[in-house]
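> sequence first, predicted model second:
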Number of protein chains: 2
Amino acid sequence: MKDIARDLGVSVVTVSKVLRNHTDIGEETRQRVLKRIKELNYQPNLTARALATGKTYTVGLVVPDLVHPFFAEVAKGVSAVLRKSGYSLILASSEEDPKLEQQEISRLLARRLDALIIASAQWTVETFRTIEEHKIPYVLVDRRFAGLPANFVGVDDELAGELATTHLVQCGCRRVAHIRGPEVSTGLGRLAGYRRALEQANLKMPPDYIPPATAGDDDSEMRGRTAMRMLLQLDPRPDGVFCYNDPTAIGAMNAILEAGLRIPEDVAVIGCGNVHYDESLRVPLSSIDQQSAVIGRKAGRLTLNLIGAKRPVRPKLILLEPRLVARASTARLLDAARPLTGSRSESSV
Amino acid sequence: MKDIARDLGVSVVTVSKVLRNHTDIGEETRQRVLKRIKELNYQPNLTARALATGKTYTVGLVVPDLVHPFFAEVAKGVSAVLRKSGYSLILASSEEDPKLEQQEISRLLARRLDALIIASAQWTVETFRTIEEHKIPYVLVDRRFAGLPANFVGVDDELAGELATTHLVQCGCRRVAHIRGPEVSTGLGRLAGYRRALEQANLKMPPDYIPPATAGDDDSEMRGRTAMRMLLQLDPRPDGVFCYNDPTAIGAMNAILEAGLRIPEDVAVIGCGNVHYDESLRVPLSSIDQQSAVIGRKAGRLTLNLIGAKRPVRPKLILLEPRLVARASTARLLDAARPLTGSRSESSV
DNA sequence: TTGAAAGCGGTACCAA
DNA sequence: TTGGTACCGCTTTCAA
């Protein structure tokens, strides 16, 4: 920049203004500067600009696991929205570890990002207090916290659980089990939905139809397999099972098939998440669509709004509607065999 | 920082040195400063530090598609390695669009990152020249460019293609087709491997056993389906098919099953990539493991080395060995029915 | 319309 | 061991 100024006999201020196309610059000067910029292939140093303006044009995204298709799709959505507005995305993975997540978040805070988007693995809200102290806006995604009035984008988990369970009931299942997830909003919500659906159907299940979450198994598939094996040993055994998420459901299905039983004739299975290979599985898996890409995009847009806001705004709660996607794994009755929808692409919110 | 200095009656320089635990600071002073830092919960502004030192402690990762499990795993590996060394990761997605990728890269260059890791969608090497001009180190991942002496981490694609094809032949296939990928190093390499394997087996296939890549279909699964339909109409039709990647293979399998044929009895199928749900597919899919996580970690380490290097070092080529993972989709003979390996977790390089 | 000077929040160098 | 000063590259304010 200095060079350009010197070469052209103008000041750095002038160059700076041209770069940000300020209006108060003579047309001729502007052209000369622009020309020289092109020639030198000059690009302003965004680090310096960030220091001077206090805006980094960078947003942080913290997810528990990038490889989980749900978070990958969220990340993609966020990234697409931010890119269009000139923002970059710093990605941090917490590996489902609250401690690690805290460290990552504090590193991001030190970087003075403009905002944070977090799918949190925390148990407490302490970390979020810290973020608030730094006065940088943040958006929670997928998992939320009771009593924390924060911006949130996600799906109505209770409704998701209810939809899934009701679907099983409508498919003729009378002994419906649930393989539950961790004690976070998603897991608890879906569990609550399961219970509500059973209540509405006037069904009562024995407590061991919800196998306890074994501590510290991060591998959802293995968890599903283990839990399903337990369920199959019960008498009477379940004839339908709603699984916390799709990887868990895949594990459960594998356990069922290994036991020599049929899906859905002996046991119907439904998952949650509707990941994109569900249709091609050994038995195509019914699931609840979570609109992951939409969540990503909405979170991105909300974030941009927050950054743009002059004054702190009231936290916004964006709840998307989960949708049933019925496939072979629950096709037990005639009307269930003609599924409501077979593709996942028709989501459009 | 200024505040701390004032509060304690020392200079900012002293505080700065304590922060980076310089040795030449009195123990007592240091303790006082550290105490105050804790009290204020002070964190140095990394933007400012970056401007002063010229090091951002940030690495950029550019991938064609985050949702593709291969790149998600690479990203995870990279992220894990960088985190341990205090680096952050800026993620950019090119959506397989060379133009977009260029834009993203130039934005990253403007941010003065310490290094770039790129799984490129480019057709030419022009972009890389630009990067070189900026004198920031970069590592290519997965896809490489003939005649570009750049750092590279990936798998030997030709060997991958050869392994896959040879496996089909050993399973008793005599009419082996190939659903090819795009004209980038991965696609071309696997195609070359396919040809080499056939040569070694003394087999000759008609040209239409390699359906042409239809332009601009980014959906691998659809591409696999379409290509497979064409193959099934040939006379004689193939009894084995090697697919460019796993999504393509899934599409191909779906086409085969829809045509009322059996896998592997009528047509054996093998993919490439060994994504983590391969085992749970309608027909568990044989594949070539690409060690995506290892690629990510190796690329991360190599990047850190490059950043640490005093002088520019000679580009390093890290070629990992692809491995066959045989599953049901190719289990046609007795010895193939007892697969070499059934899991993907034993990769360990 | 243009530019000089003063920062942004740190680090580096060298003298005290 | 400590600290003054210049500077990283850009923006902002205000005077010319």
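Right, received. Where do you want to start?
> ok, now which ones touch residue A:275?
By CB atoms under 8 Å, 6 or more residues apart in numbering or on different chains, the residues touching residue A:275 are A:69-70, A:246-247, A:287. For glycine as for every other residue, the C-beta is placed from the backbone atoms N, C-alpha and C.
> now residue A:104. Nearest residue, chain neighbours left out?
Of all residues not flanking residue A:104 in the chain, residue A:92 sits nearest, at 3.9 Å (CB to CB, 6 or more residues apart in numbering or on different chains).
> for residue A:192, that is, sorry about that
residue A:158 (4.9 Å).
> now do the helix or strand hosting the one you found: which elements does it pack against?
Assessed by DSSP states H and E, residue A:158 sits inside helix A:157-170. Applying 3 or more CB pairs under 8 Å, 6 or more residues apart in numbering or on different chains; DSSP states H and E, one finds that helix A:157-170 makes contact with strand A:176-179, helix A:185-200, strand A:240-243, strand A:268-270, strand A:287-289, strand A:323-325.
> using the three-state scheme, assign the residue in the stretch 101-250 of chain A that DNA strand D sits nearest to.
Going by CB to the nearest atom of the strand, DNA strand D is nearest to residue A:112 of the stretch 101-250 of chain A, at 13.1 Å. With DSSP: H, G, I helix; E, B strand; the rest coil as the basis, residue A:112 sits in coil.
> looks like it contacts residue B:49 (just checking).
No: judged on CB atoms under 8 Å, residue A:112 makes no contact with residue B:49 at a distance of 10.8 Å.
> phi first, then psi, for residue A:138.
phi -140, psi 150 (degrees, to the nearest 10).
> quick check: closest non-adjacent residue to it.
Residue A:138 sits nearest to residue A:116 (CB to CB, 6+ apart), 4.1 Å away.
> so that neighbour is in which element?
Going by DSSP H and E, residue A:116 is part of strand A:115-118.
> other SSEs contacting that strand?
Looks like strand A:115-118 contacts strand A:58-63, helix A:98-110, strand A:138-141, helix A:292-308 (3+ CB pairs under 8 Å, 6+ apart).
> out of these, which gets nearest to DNA strand C?
Comparing these by CB to the nearest atom of the strand, helix A:98-110 comes nearest, at 8.7 Å.
> residue A:210 contacts residue A:180, correct?
Yes: if you go by CB under 8 Å, residue A:210 and residue A:180 touch, sitting 5.7 Å apart.
> who has more neighbours out of the two?
More crowded of residue A:210 and residue A:180, by other CB atoms under 10 Å in any protein chain shown: residue A:180, with 22 against 17.
> residues near the nearest residue to that one once chain neighbours are set aside, how many?
Spatial nearest neighbour of residue A:180, chain neighbours left out: residue A:191 (5.2 Å); criterion: CB to CB, 6+ apart. Other residues lying near residue A:191 total 20 when counted by other CB under 10 Å.
> check residue A:8 too.
Neighbour number of residue A:8 under other CB under 10 Å is 15.
> what's the spacing between it and residue A:30?
Residue A:8 is 11 Å from residue A:30, where distance means CB to CB, to the nearest Å.
> mind listing what's buried along the host helix or strand of residue A:221?
Residue A:221 is part of helix A:220-232, with elements assigned from DSSP H and E. Across helix A:220-232, burial judged by 16 or more other CB atoms under 10 Å in any protein chain shown covers A:220-221, A:223-229, A:231-232.
> ditto for stretch A:14-23
A:14-19.
> out of those residues, list just those in helices.
A:14-19 (DSSP state H).
> closest to DNA strand D among those?
residue A:16 (3.2 Å).
> what do residue A:210 and residue A:180 both touch?
In terms of CB under 8 Å, 6+ apart, residue A:210 and residue A:180 are both contacted by the residues residue A:191.
> name the helices or strands packed onto the helix holding residue A:221?
Using 3+ CB pairs under 8 Å, 6+ apart, helix A:220-232 sits against strand A:176-179, strand A:240-243, helix A:246-258.
> what's the average pLDDT for that helix?
Averaging pLDDT along helix A:220-232 yields 94.
> any idea how far residue B:101 is from residue A:81?
Distance, residue A:81 to residue B:101, by CB to CB: 18 Å.
> can you check residue A:291 too?
27 Å.
> do residue A:235 as well
With CB to CB as the criterion, residue A:235 and residue B:101 are 59 Å apart.
> when these two are compared, which one has more neighbours?
The neighbour count for residue A:235 versus residue B:101, taken as other CB under 10 Å, is higher for residue B:101 (23 against 4).
> what is the distance between stretch A:238-255 and the centre of its chain?
Relative to the centre of its chain, stretch A:238-255 is centred 21 Å away, using CA atoms, centre = their mean, to the nearest Å.
> measure it end to end?
Its start and end residues considered, stretch A:238-255 measures 13 Å (CA to CA, to the nearest Å).
> go on, stretch A:287-295?
Chord length of stretch A:287-295, first to last residue, is 17 Å (CA to CA).
> mind listing what the nearest residue to residue A:160 once chain neighbours are set aside touches?
Counting by CB to CB, 6+ apart, residue A:322 is the residue found nearest to residue A:160 once chain neighbours are left out, at 3.8 Å. By CB under 8 Å, 6+ apart, residue A:322 lies in contact with A:155-157, A:159-160, A:163, A:272, A:288-291.
> what's the answer for residue A:295, then?
Residues near residue A:295 by CB under 8 Å, 6+ apart: A:74, A:77, A:141-142, A:153-155, A:320.
> kindly report the same for residue A:209.
A:175-178, A:231, A:234, A:238.
> how about the CA coordinates for the helix holding residue A:221, as PDB?
C-alpha atoms of helix A:220-232 as PDB (Å, rounded to 0.1, in the frame of the first residue of the first chain):
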ATOM      1  CA  SER A 220     -23.100 -44.500  18.200                       C
ATOM      2  CA  GLU A 221     -23.200 -47.500  16.000                       C
ATOM      3  CA  MET A 222     -21.800 -49.700  18.700                       C
ATOM      4  CA  ARG A 223     -24.100 -48.200  21.200                       C
ATOM      5  CA  GLY A 224     -27.100 -49.100  19.000                       C
ATOM      6  CA  ARG A 225     -25.900 -52.600  18.600                       C
ATOM      7  CA  THR A 226     -25.300 -53.200  22.300                       C
ATOM      8  CA  ALA A 227     -28.600 -51.700  23.300                       C
ATOM      9  CA  MET A 228     -30.500 -53.600  20.700                       C
ATOM     10  CA  ARG A 229     -29.000 -56.900  21.900                       C
ATOM     11  CA  MET A 230     -30.300 -56.200  25.300                       C
ATOM     12  CA  LEU A 231     -33.700 -55.400  24.000                       C
ATOM     13  CA  LEU A 232     -33.900 -58.600  22.000                       C
END
